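**Q** just a sequence and a predicted model for now, questions to come.
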Amino acid sequence: MANWSQEEGSPQPLGATWLQKENSYNFSLYSRHATGVTLLLYAAQDLVNPLLRVPLNYLFHKSGRIWHCRLAADKVANARYYAYSVEGPNDQNAEFHAFEPDKVLLDPCATLIFFPPNFQRSASIGRGSNAGRAPLSVLSPDSTAFDWSSEPTLQHESDAIIYEMHVRGFTKRSNSGVTPSKSGTYAGVIEKIPYLVELGVTTVELMPVFQYDPDEGNYWGYMPLNFFSPHQGYTAASDAETARVEFKSMVKALHRAGIEVILDVVYNHTTEAGANGPTYSYRGICNGSYYLLDQSMTSYRNDTGTGNVLRSAHPAVRKMIIDSLRFWVIEMHVDGFRFDLASIFSRNIDGSINLDDPPLISEITGSAEYTDVRLIAEAWDPASYELGRSFPGQTWSQWNGKFRDDVRAFVKSDPGKIGDLMSRLYGSSDLFPDDLDNAYHASQSVNYITSHDGFCLYDLVAYNDKHNLANGQNNTDGTDDNLSWNCGWEGDQAVPAEVMRLRKQQIKNFFTILMVSNGTPMFCAGDEFMNTQHGNNNPWNQDNETTWLDWDLLNKNADIFRFFKGMIAFRKAHPSLGRSRFWREDVSWYGVNGQVDLGYLSHSLAFCLHGNSQQDRDIYVMINAYWEDLNFRIQEGGASDWIRVADTSMPSPYDLLESGREEPLESQNYTLKARSIVVLLKNT
């Protein structure tokens with residue numbers, strides 16, 4: 001006799017599950033307010049009319065708030081795809097529901113997605129059927145096992161260097177050097193691994209790779225459609241099965257090269273956007289469960305600035321997110337996550353802010369499955385700013401936006417920044433205190449000066465103002481507070497030689513500070529050869545040469561690439577710089593000639609980092625952000641005790657000397673050119 005689940009289906013796991021022993025599929029869908037759910041099965045030959053409609057009877061096919069059924073393989077027959085039709089209340093004067101049984105709805109937990117040839121975003125907006133034009137979930141028995149053999153276990157610590165990149169933009173240009181058919185794909189990334197190894201990065205942080213709406217005009221990928229499938233547009237074949245295998249192949253290849261893979265993940269909103277957005281899935285399945293509504297329960301909260309906010313504290317949504325993370329760790333072998341607008345996770349189920357024990361953050365933090373997984377928070381959103389100790393994920397790392405802003409301001413010679421710079425170099429203990437109560441680690445600060453969001457590094461020294469007209473919003477999008485300085489000449493037309501020289505020097509200054517600071521450094525792909533977006537600081541919809549890396553610049557600016565490569569190697573060779581803990585008594589701070597000048601008009605600083613506790617050599621750094629030369633006197637040891645590693649004012653290759661070829665000093669007095677940094681190493 002068959003057991004009950006064989007007759008009625010099981011509420012767990014959510015999604016469609018192939019049961020090999022029973023030769024059947026189990027279907028499971030969460031909907032708190034639905035009054036009726038119909039499973040729709042489609043053959044490949046007809047994507048409009050279902051091959052089979054399976055109405056679910058709540059007396060047999062519902063457990064609590066989950067609808068479910070089980071279908072034998074012979075009943076599924078020739079069906080290749082599935083979706084749902086969901087009925088429910090739609091009283092516009094009561095709680096905001098969005099049920100419409102005419103809509104073909106995607107399973108939120110689908111792991112393979114199919115876009116029909118007639119797919120059309122507009123068909124899912126407003127009332128009426130979207131049959132034949134809506135994304136469908138793929139019915140797939142167990143896929144062919146992927147061979148993960150020879151995959152090493154990675155855990156970079158003091159040597160960690162994070163490289164933020166866009167899968168498509170990294171190799172899409174014809175000059176990227178990859179096989180033309182693989183440009184802009186996961187496979188294209190594989191072909192560029194030797195470049196990443198040469199540069200010295202240990203970790204790639206991929207901008208969103210979750211499947212997003214290909215009809216939306218969204219390049220960055222921060223408007224996810226689904227949380228369980230890699231974006232198909234990053235494969236040459238552009239289908240779900242290929243995308244999954246190609247993504248796994250990329251991860252395996254990166255791991256074999258010693259490079260970790262972190263995903264930038266968006267669990268705070270979806271592509272369904274606001275009230276006028278498409279109904280693809282969550283909205284039509286159970287609007288009030290998946291999204292935060294305002295107090296009147298009649299409209300969406302918009303804490304993300306994108307039209308909707310996922311209700312992450314809701315048990316069903318929380319489980320979906322946890323299951324998604326588990327999928328990417330266990331099935332896809334990724335090493336970590338950077339959570340976009342992670343402060344959204346601190347919302348209670350009613351939308352109020354909970355900084356003590358928010359359910360989702362607690363569940364992720366407490367799971368043994370994420371013990372060795374990097375968890376990085378962007379600890380702010382348009383409605384709340386939780387950087388540092390305010391963010392409830394106390395063991396998580398965080399993007400340090402304060403590091404970005406303070407270093408930008410200091411390098412462009414803003415006054416009153418010496419104390420802030422000291423804090424950032426030290427590891428930002430003001431944000432991540434290591435007192436008895438908090439016990440944060442310096443390594444939790446992810447230090448960066450540029451990311452996808454805002455100016456790239458070259459544009460930071462080439463533009464005073466954003467130039468975003470191409471985005472179609474009359475230059476009103478993107479921040480106006482860039483803390484940039486164009487070195488006296490806006491843009492790239494007829495740039496005087498002395499301006500370009502200064503721009504390169506400032507780029508080297510920025511990167512040197514990043515590499516000698518305590519914490520975990522991150523920089524943006526292309527910064528190492530002065531890639532430009534021509535002043536566009538918000539190119540979210542620019543899937544073109546504005547955002548595709550221009551690899552011709554690698555040869556043109558080989559001196560900058562050499563400097564980046566050398567400074568990365570220097571940092572990795574000296575574990576004294578990047579520590580789990582703060583420098584504490586190992587660092588001594590100095591000024592031009594003695595004590596630090598903390599005055600408002602001061603622009604100079606020096607420090608000596610003693611490396612004995614880390615079995616390392618001492619490092620002495622002198623920084624001059626003043627617009628005139630300054631004469632520094634080295635405060636420790638004699639001239640013969642130090643050798644010069646770097647001087648950013650010098651032309652290549654003298655700006656950074658190779659290991660073993662550093663030059664001894666002739667005097668304890670060192671004249672730092674205007675806007676320059678010098679790095680010394682204790683002579684052995």
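**A** Okay, I see it.

**Q** and the gap between the residue most central in space within the chain and G221?
**A** For the chain, D264 is the residue whose C-alpha lies nearest the centre (C-alpha atoms, centre = their mean; 2.8 Å). Relative to G221, D264 is positioned 8 Å away (C-beta to C-beta, to the nearest Å). C-betas here are computed from N, CA, C, even on glycine.

**Q** need the overlap of contacts for those two.
**A** 207-208 (C-beta atoms under 8 Å, 6 or more residues apart in numbering).

**Q** now the residue nearest to the centre of the chain: phi and psi?
**A** Backbone geometry at D264, expressed as degrees, to the nearest 10, gives phi -80, psi 110.

**Q** how much space between it and D481?
**A** For D264 relative to D481 (C-beta to C-beta), the value is 23 Å.

**Q** A639 now?
**A** 43 Å.

**Q** which one's more surrounded, the two?
**A** Legend: neighbour count by other C-beta atoms under 10 Å for A639 and D481, higher for A639 (14 against 8).

**Q** that one and Y670 touch, don't they?
**A** No. Counting by C-beta atoms under 8 Å, A639 does not reach Y670; the two are 9.1 Å apart.

**Q** residues contacting the closest residue to the residue nearest to the centre of the chain other than its chain neighbours?
**A** Sequence neighbours aside, R338 is the residue nearest to D264 in space, at 4.7 Å (criterion: C-beta to C-beta, 6 or more residues apart in numbering). Listed by C-beta under 8 Å, 6+ apart, the contact set of R338 reads 205, 262-265, 376-378, 399.

**Q** list the contacts of H603.
**A** 410, 413, 415, 417-418, 624-626.

**Q** from those, which is closest to K248?
**A** F410 (42.8 Å; C-beta to C-beta).

**Q** and that closest one, how many residues sit next to it?
**A** F410, neighbours per other C-beta under 10 Å, totals 24.

**Q** could you do H333 as well?
**A** 17.

**Q** now do I634
**A** Counted with other C-beta under 10 Å, I634 comes out at 22.

**Q** please apply the same query to the one 10 residues further on.
**A** Residue neighbour count, defined by other C-beta under 10 Å, stands at 19 for R644.

**Q** swap in P152?
**A** 8.

**Q** same thing with the one 10 residues further on?
**A** Residues within reach of I162, counting by other C-beta under 10 Å, total 24.

**Q** pretty sure it is touching E205, no?
**A** Yes. Assessed by C-beta under 8 Å, I162 is found in contact with E205 at 5.3 Å.

**Q** give me the distance between the residue nearest to D264 and H269.
**A** With C-beta to C-beta as the criterion, R338 and H269 are 16 Å apart.

**Q** one more: A34?
**A** For A34, the distance to H269 - C-beta to C-beta - is 22 Å.

**Q** for Q232, grab phi and psi.
**A** phi -70, psi -20.

**Q** who touches it in this structure?
**A** Applying C-beta under 8 Å, 6+ apart, the residues near Q232 are 113, 115, 211, 214, 238-240, 242-243.

**Q** quick check: buried residues in stretch 484-491?
**A** By neighbour count with 16 or more other C-beta atoms under 10 Å, stretch 484-491 contains the buried residues 484-487, 489, 491.

**Q** quick one, phi/psi of R644?
**A** phi -90, psi 130.

**Q** what does P664 give?
**A** Given degrees, to the nearest 10, the pair of backbone angles that P664 has is phi -70, psi 150.

**Q** my read: it touches W642, true?
**A** Yes. With contact defined as C-beta under 8 Å, P664 reaches W642; the gap is 7.5 Å.

**Q** joint contacts of the two?
**A** Counting by C-beta under 8 Å, 6+ apart, the residues touching both P664 and W642 are N683.

**Q** more crowded one of these two?
**A** Between P664 and W642, counted using other C-beta under 10 Å, W642 has the larger neighbour count: 24 against 11.

**Q** now Y42: which helix or strand?
**A** strand 36-43 (DSSP states H and E).

**Q** now do that strand: everything it contacts.
**A** Residues contacting strand 36-43 (C-beta under 8 Å, 6+ apart): 27, 29, 31, 50-56, 61, 67, 69, 71, 76, 78-88, 101, 104, 136, 139.

**Q** grab the CA positions of the helix or strand following that strand and hand them over as PDB.
**A** Counting by DSSP H and E, the element after strand 36-43 in chain order, helix or strand, is strand 52-56. What follows is strand 52-56, C-alpha atoms only, in PDB (Å, rounded to 0.1, in the frame of the first residue of the first chain):
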ATOM      1  CA  LEU A  52      -1.800  18.800 -18.300                       C
ATOM      2  CA  ARG A  53      -3.600  20.800 -15.700                       C
ATOM      3  CA  VAL A  54      -3.600  19.500 -12.100                       C
ATOM      4  CA  PRO A  55      -5.900  21.400  -9.800                       C
ATOM      5  CA  LEU A  56      -4.800  20.900  -6.200                       C
END
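
**Q** the helices in the stretch 501-650 of the chain, which residues?
**A** 552-556, 558-573 (DSSP state H, counting those that start in this stretch).

**Q** same check on the stretch 201-350 of the chain?
**A** 240-256, 282-290, 315-326.

**Q** roughly how far does W485 sit from W627?
**A** 11 Å.

**Q** what do the two both touch?
**A** In contact with both W485 and W627: S413, using C-beta under 8 Å, 6+ apart.

**Q** count of residues packed around V329?
**A** For V329, using other C-beta under 10 Å, the count is 19.

**Q** let me know whether it touches D372 as I believe.
**A** No. Counting by C-beta under 8 Å, V329 sits too far from D372 to count as a contact (9.5 Å).

**Q** how about the secondary structure of R80?
**A** strand (DSSP: H, G, I helix; E, B strand; the rest coil).

**Q** so what's it closest to, chain neighbours aside?
**A** Using C-beta to C-beta, 6+ apart, the closest residue to R80 is A44 (4.5 Å).

**Q** quick one, strands of the stretch 251-400 of the chain?
**A** 260-265, 336-339, 374-377, 380-381, 384-385, 397-400 (DSSP state E, counting those that start in this stretch).

**Q** please disregard the earlier target; I meant the stretch 451-600 of the chain.
**A** 520-524, 587-590.

**Q** how far does the shortest one sit from its chain's centre?
**A** How far strand 587-590 lies from its chain's middle: 34 Å, per C-alpha atoms, centre = their mean, to the nearest Å.

**Q** for that strand, which helices and strands make contact with it?
**A** strand 604-609 (3 or more C-beta pairs under 8 Å, 6 or more residues apart in numbering; DSSP states H and E).

**Q** what strands line up against the strand it packs on, and which way round?
**A** Strand 604-609 pairs in its sheet with strand 587-590 (antiparallel), strand 619-624 (antiparallel), by DSSP bridges.

**Q** same list (these) but as JSON lines, adding mean pLDDT and mean neighbour count.
**A** Below are these laid out as JSON lines (pLDDT from 0 to 100; neighbours: other C-beta atoms under 10 Å):
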{"stretch": "strand 587-590", "mean pLDDT": "98", "mean neighbour count": "18"}
{"stretch": "strand 619-624", "mean pLDDT": "98", "mean neighbour count": "25"}
